[in-house]
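Asks: pasted the sequence and its predicted model underneath.
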Amino acid sequence: MTGESYGTTREAALTDALVRLADTLVDDFDVVDLMASLAADCVALFAIDTAGLLLDSGHHTPRVVASSTDDTRLLELFELQADEGPCLDCLRSSRRISAPDLEQEQRWPLFAPRALDAGFRAVHAVPLRLRAHTIGALNLFRASPGDLPPGDLRAAQALADVATISVLQNETVTSQRDVTAQLQRALNSRVVIEQAKGVLAERGGLDMSTAFERLRDHARRHHLRLTDLAGDVVSRRVDGHVLREIVGRTTPE
């Protein structure tokens, strides 16, 4: 593939990602599905290996709401437990945070070694913000040290900004109380998705990351809300045929 054709393909993929995020402006949407799509799009588009997202519930208690792999989710959970790390600094300051070489990083004495143990050498975080209102932060992890290309950072910020507008777009969420309620519902939805991942992992012999990918892909193909599909899996409202389709292999009835 030539450089020109690669650039055209990447530009088209970025445009598609922006359209997917902005499309929720005119319809009801699932916040967790939105954030999962944002994480997946960042991995596909940028020079990173995994991505994770924190949302602020409105009570100064940020929570992990999406991640592209289960290892990333565990690292994000550790960041919250340790109360230090790039995503938290980004959320609290509403500014981008970069750590191009975690082996030389001094800001996070607990987080940096854990990230290195997980196989990451660099991390960059961008805020989910609309003017003075910051609702979360997006972590972009790299397995090799180095800065992200400036174009990648600008594009990641653009995706994060559009996602933020999508969350805050309805007139019914103009007050802080309503925004907090919507974000709390999103965090509650994440619990159901984690339970569904466990069901699919057990039934299909999958790891948790693959189980989530299969769940998300099935929801996209059939135009279903991710949270609704997860709830149906957990409550056993999906029949054996659908379950087999989701996990991508024969499962016991």
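Replies: Here it is on my side, so go on.

Asks: show me the shaky parts of the stretch 1-150 of the chain.
Replies: Along the stretch 1-150 of the chain, the model assigns pLDDT under 70 to residues 1-8, 22-29, 57-60.

Asks: helices along that one, start to end?
Replies: 3-23, 31-45, 70-82, 86-93, 111-117, 150-168 (DSSP state H, counting those that start in this stretch).

Asks: can you check the stretch 151-253 of the chain too?
Replies: 176-204, 208-221, 226-234, 240-247.

Asks: rewinding a little: mind giving me CSV with the helices of the stretch 1-150 of the chain and columns for distance to V238 and mean neighbour count?
Replies: Yep, even glycine has a C-beta here, placed from its N, CA and C like the rest. Shown next, in CSV, are these (distance: least, CB to CB, whole Å; neighbours: other CB atoms under 10 Å):
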stretch, distance to V238, mean neighbour count
helix 3-23, 24, 13
helix 31-45, 17, 22
helix 70-82, 22, 19
helix 86-93, 34, 22
helix 111-117, 36, 18
helix 150-168, 28, 18
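
Asks: kindly reformat those as CSV containing distance to D228.
Replies: Converted to CSV, these look like this (distance: least, CB to CB, whole Å):
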stretch, distance to D228
helix 3-23, 18
helix 31-45, 9
helix 70-82, 21
helix 86-93, 28
helix 111-117, 34
helix 150-168, 18
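
Asks: how is the protein carved up into domains?
Replies: What automatic domain parsing lists as the domains of the chain is 10-169, 172-253.

Asks: circling back: closest to E213 out of the helices of the stretch 1-150 of the chain?
Replies: helix 31-45 (8.3 Å; CB to CB).

Asks: roughly how far is the closest one from the heart of the chain?
Replies: Offset of helix 31-45 from its chain centre (CA atoms, centre = their mean, to the nearest Å): 5 Å.

Asks: correct me if wrong: N139 contacts C87.
Replies: Yes: contact status for N139 versus C87: in contact at 4.6 Å, counting by CB atoms under 8 Å.

Asks: which residues are common contacts for the two?
Replies: 52, 54, 76, 125 (CB atoms under 8 Å, 6 or more residues apart in numbering).

Asks: ok, now which ones touch the third one?
Replies: What it means is E76. Counting by CB under 8 Å, 6+ apart, E76 has contacts 52, 54, 64, 67, 87, 139.

Asks: how about these, which pair is most distant?
Replies: Across these (CB to CB), the longest gap, 10.9 Å, separates S67 and C87.
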